[in-house]
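>>> Just need the structure, nothing else, for what follows:
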Amino acid sequence: MNTENNFAHLYSELSLNPDLPTLAERCKLLTEILLDCKSLPQTQPVCRCLGAYLEEVKSGLTESMRDFQVVEFEDEAEQPRQKEWLLEDTETKCDYCRALNHVLLVSHFDRDMLPHLTGLLHDITHSMAADVVAPQRAETVIHIIS
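You can find the predicted model right below:
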């Protein structure tokens with residue numbers, strides 16, 4: 001069990017099973033807070049909370065979005081060479097966010113790197129949230145395979 005899972009029970013909102021857009025918005029808010037943190041003792045509580053929320057986003061993407069597979073495109077040139085998932089890139093972004101958050105939570109690094117690490121986490125989290133709220137492939141025809 002990883003560090004983030006140990007803290008999920010501390011956040012009562014997560015017990016209400018919020019939907020992916022709500023979780024993504026909370027992640028965005030937490031990264032906004034991280035941008036204002038100037039030291040490791042300030043970042044750690046926020047990172048613990050963010051880690052719990054990112055784990056829920058990851059679970060939500062894995063469990064519910066795997067049912068949405070891209071099988072047909074309007075433009076023949078866009079045809080995938082292999083099966084792909086609608087939010088596969090979003091899941092990758094979530095993994096990157098989790099990795100960066102983990103670095104912020106457990107690593108000791110040069111204080112000058114803190115704004116760069118939190119800035120990168122902020123940018124990737126906002127990109128991930130934008131995918132969940134309004135998927136990039138709005139023009140894609142989606143068929144649900146049973």
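>>> And residue 121, how close does it get to residue 17?
If you measure residue 121 against residue 17 using Cβ to Cβ, to the nearest Å, the figure is 25 Å. To be clear about C-beta, it is placed using only N, CA and C from the backbone, and glycine gets the same treatment.
>>> same question but for residue 39, I mixed them up
Computed with Cβ to Cβ, the distance linking residue 39 and residue 17 is 34 Å.
>>> Tell me where the chain has strands.
In the chain, the segments counted as strands under DSSP state E are 69-70, 84-85.
>>> Which residues does stretch 20-30 contact?
Outside stretch 20-30, the residues within contact range by Cβ atoms under 8 Å, 6 or more residues apart in numbering are 13, 18, 46, 49-50, 53-54, 56-57, 60-61, 64-65, 97, 125-126, 128-129, 132-133.
>>> how about 6 Å then?
The contact list for stretch 20-30, computed with Cβ atoms under 6 Å, 6 or more residues apart in numbering, reads 46, 49-50, 53, 56-57, 60, 125-126, 129, 132-133.
>>> Looking at those residues, which two lie furthest apart in space?
46 and 133 (22.0 Å; Cβ to Cβ).
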